[in-house]
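Asks: give me a model of this one.
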Amino acid sequence: MFYFLIFAVILFAGGAAFALIRGLLAFSQIGEGIASDSDRAENFRKQNGFMFARVKWQALAVVAVFLVATLAGTDA
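Replies: Numbers count the residues shown, from 1 in each chain. Now for the predicted structure:
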C-alpha cells in the first residue's frame with residue numbers, strides 16, 4: 001500500500017505539471033493571431049479549464065502525500 005501511494009503521488013504530481021504546462025501554453029497564445037472576441041473567450045475558457053485541472057491534481061497529490069506521511073509514521 002505504501003509503494004502504491006508513492007506511485008500515486010508521482011502520477012498526481014505529473015498530472016499537475018502537465019496541466020500547468022498546457023495552461024501556460026494556452027496563456028502564451030493570447031496575443032498570437034487571436035483577432036475575434038469569441039476566439040479570445042474560448043482561449044480564456046481553455047486556460048481556466050487547465051488551471052482548474054491543475055488545482056484538482058495538486059489536491060489529489062496533497063492528500064496522497066498526507067496518506068504517505070501517515071503510513072510512514074505508523075511503521076516507525
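
Asks: chain center to the helix ranked longest in the chain: distance?
Replies: Longest helix in the chain, counting residues (DSSP state H): helix 37-75. Relative to its chain's centre, helix 37-75 lies at 4 Å (Cα atoms, centre = their mean, to the nearest Å).

Asks: list the buried residues for it?
Replies: 43, 46-47, 50-51, 53-54, 57-58, 60-61, 64-65, 67-68 (16 or more other Cβ atoms under 10 Å). Every C-beta, even on glycine, is put in place using the N, C-alpha and C of the backbone.

Asks: and residue 30, which of the three is it?
Replies: Following DSSP: H, G, I helix; E, B strand; the rest coil, we place residue 30 in the coil state.

Asks: ok, now how distant is the residue nearest to it when sequence neighbours are not counted from residue 65?
Replies: Nearest non-adjacent residue to residue 30, counting by Cβ to Cβ, 6 or more residues apart in numbering: residue 43, 6.1 Å away. Between residue 43 and residue 65 the computed distance is 33 Å (Cβ to Cβ, to the nearest Å).

Asks: for the helix or strand harbouring residue 25, buried residues please.
Replies: Secondary structure from DSSP states H and E places residue 25 in helix 2-28. Of the residues in helix 2-28, 5, 8, 9, 12, 13, 15, 16, 19, 20, 22, 23, 26 count as buried by neighbour count, 16+ other Cβ under 10 Å.

Asks: ok, the residue lying closest to the second one once chain neighbours are set aside - contacts?
Replies: Among residues not flanking residue 8 along the chain, residue 64 sits closest, at 4.7 Å (Cβ to Cβ, 6+ apart). Taking Cβ atoms under 8 Å, 6 or more residues apart in numbering as the definition of contact, the neighbours of residue 64 are 5, 8, 9, 12.

Asks: save the residues you listed as a markdown table, and put in pLDDT and distance to residue 38 too.
Replies: Below are the contacts of residue 64 laid out as a markdown table (pLDDT from 0 to 100; distance: Cβ to Cβ, whole Å):
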| residue | pLDDT | distance to residue 38 |
| --- | --- | --- |
| 5 | 89 | 44 |
| 8 | 94 | 39 |
| 9 | 94 | 40 |
| 12 | 96 | 34 |
